[in-house]
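Asks: Turn this into a model:
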Amino acid sequence: MGEGLLYAGLAIVGGLILLLWSADRFIEGAASTAQHFRISPLMIGMVVVGFGTSAPELL
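Replies: Residues are numbered from 1 along each chain as shown. As a prediction, this is how the structure comes out:
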């Protein structure tokens, strides 16, 4: 029983680390896209980031 609990705890910590890393990469990519196309970061935030956060609900 203790081994399963340890595995679950490690999976949660690993998942949170992966979530933080991927969120950081997503925001960096959105900012880079805004700079490349010379679009306001606010507009990219409303369109790209808004769609990206809503996409799982649409599927």
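Asks: Give me the local confidence score for Met1.
Replies: For Met1, the pLDDT comes out at 63.
Asks: Name the secondary structure element that contains the residue nearest the centre of the chain.
Replies: Centroid-nearest residue in the chain: Ala23, 2.9 Å away (criterion: C-alpha atoms, centre = their mean). Ala23 is part of helix 2-36, with elements assigned from DSSP states H and E.
Asks: list the buried ones in that helix?
Replies: Neighbour-count burial for helix 2-36, counted by 16 or more other C-beta atoms under 10 Å, picks out 30, 34. Placement of C-beta: from N, CA and C, glycine included.
Asks: helices or strands next to it in the packing?
Replies: In terms of contacts (3 or more C-beta pairs under 8 Å, 6 or more residues apart in numbering; DSSP states H and E), helix 2-36 is packed against helix 41-44.
Asks: same for the helix it packs on, what does it pack against?
Replies: Against helix 41-44 (3+ C-beta pairs under 8 Å, 6+ apart) you get helix 2-36.
Asks: mind checking how far the helix it packs on is from the chain centre?
Replies: The chain centroid and the centroid of helix 2-36 are separated by 7 Å under C-alpha atoms, centre = their mean, to the nearest Å.
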